[in-house]
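Student: predicted coordinates and the sequence they were generated for:
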Amino acid sequence: MEKSEKWLVGVDLGGTNIKFAFLSENGDILYRWSIPTDVSDAGNNIIPDMASSISQKLQENKQTTSNVKGIGIGAPAFMNMETGFIYEAINLGWKNIDIRSMLEQRLKLPVVIDNDANVAALGEMWKGAGIGSKDLLCITIGTGIGGGIIINGEIIHGTNGMAGEIGHITVNPENGILCNCGKHGCLETISSATGMVRQAIAEIDNHQESLLFTSYQQNGHITAKTIVQAAIENDTYALKIIDRSSYYLGLALANIANTINPSRIVIGGGVSKAGSLLLDSIRKYFNEFALPRVQMGADLAIATLGNDAGVIGAAWLVKNKL
């Protein structure tokens, strides 16, 4: 890296941990670290913690703010994309927080912010499974389901920042489960990690031959990781849960693809660790519901950046928006 080149700071702000990285302008990670997210006192310690951690790591790396272009942040929040003002971040305890100006005052550096799912999508476009694609649909399957839609290289935000809420597409309106958003039958009530676990427990007594039943008896609970591992080991009940979840994922992704005609659909998040097992299952149902020419154009892929997607995408914001 040239001495004159400025560093980019990428921040992935989560409800449990805050991940940070210093990156080159080419998107190479130079140094990474994380700190716990202090959600006590309505999240009032989070911004001071972020600022002091960045300052401390710059000192440790013998750098000053003059060598930093800016700070990019991905946050799990409803926000004003132009100003960075956060209306609500449920997992952080925040309401009506002007994170951008607060951090800029503390660090004397420019700050740019976007929704965490959008930022992960940008990371995959820049350095991950979406390289070479300017029309990209990215879905993250974890505790919930997040999404980012990139058209012609730009994230789509919509009128008030709500574009890409893929997890809240209604896929089971008639007898769907109540979602945290207040609606019934959202995609994430079925196909998220939480949704898969709920499915497994609901019928566990009818599948006493399953590895999942044994795990439930031994541990008193089941995780999505357990379901994925059992499916990889060809457990019939686990495969049934993956199949049902994939059906609704394939349906939702096909309907979005029929609308935006992406060249690539990237699937990330913890559940994506099922790899080809999940991807092949989703692709089967995607092909059932997508128009033939939409299928031809859309390549489905598992995300490659893992936990680095957020910090890399946040650095992309600094490089391209500041």
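Tutor: Cool, got the structure. Numbers count the residues shown, from 1 in each chain.
Student: where does pLDDT dip in the chain?
Tutor: Low-confidence segments of the chain, defined by pLDDT under 70: 1-4.
Student: quick one: the strands in it?
Tutor: For the chain, strands defined by DSSP state E occupy the ranges 7-13, 17-23, 29-36, 68-75, 78-79, 86-89, 94-97, 111-115, 136-141, 145-151, 154-155, 264-268, 299-302.
Student: just so I know, which of those strands lies nearest G176?
Tutor: strand 145-151 (14.2 Å; Cβ to Cβ). Every C-beta, even on glycine, is put in place using the N, C-alpha and C of the backbone.
Student: helices and strands around the closest one, which ones?
Tutor: Helices and strands touching strand 145-151, by 3 or more Cβ pairs under 8 Å, 6 or more residues apart in numbering; DSSP states H and E, are helix 116-127, strand 136-141, helix 236-260.
Student: A42: which of the strands of the chain is closest?
Tutor: Nearest to A42, of all the strands of the chain, is strand 94-97, at 7.2 Å by Cβ to Cβ.
Student: name every strand pairing with the closest one and say which way it goes.
Tutor: When pairs are called by DSSP bridges, strand 94-97 turns out to pair with strand 86-89 (antiparallel).
Student: need the helices and strands packed on strand 145-151 in a markdown table with mean neighbour count and distance to S272, can you?
Tutor: Shown next, in a markdown table, are the helices and strands packed on strand 145-151 (neighbours: other Cβ atoms under 10 Å; distance: least, Cβ to Cβ, whole Å):
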| stretch | mean neighbour count | distance to S272 |
| --- | --- | --- |
| helix 116-127 | 28 | 11 |
| strand 136-141 | 29 | 6 |
| helix 236-260 | 20 | 11 |
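Student: now for those, which one comes closest to I267?
Tutor: Nearest to I267 among the helices and strands packed on strand 145-151 is strand 136-141; the distance by Cβ to Cβ comes to 5.5 Å.
Student: report the inter-axis angle for the closest one versus helix 116-127.
Tutor: Angle of strand 136-141 versus helix 116-127, following axes from the mean of the first three to the mean of the last three Cα atoms, to 10 degrees, is 130 degrees.
Student: which strands and helices sit next to strand 136-141?
Tutor: Applying 3+ Cβ pairs under 8 Å, 6+ apart, we find strand 136-141 packed against helix 116-127, strand 145-151, helix 236-260, strand 264-268.
Student: now the angle from it to strand 264-268?
Tutor: If you take the same axes, to 10 degrees, strand 136-141 sits at 20 degrees to strand 264-268.
Student: what sits up against strand 136-141?
Tutor: With contacts defined as Cβ atoms under 8 Å, 6 or more residues apart in numbering, strand 136-141 is touched by 117, 120-121, 124-125, 130, 145-150, 166, 191-193, 249, 253, 256-257, 260, 262-272, 298, 303.
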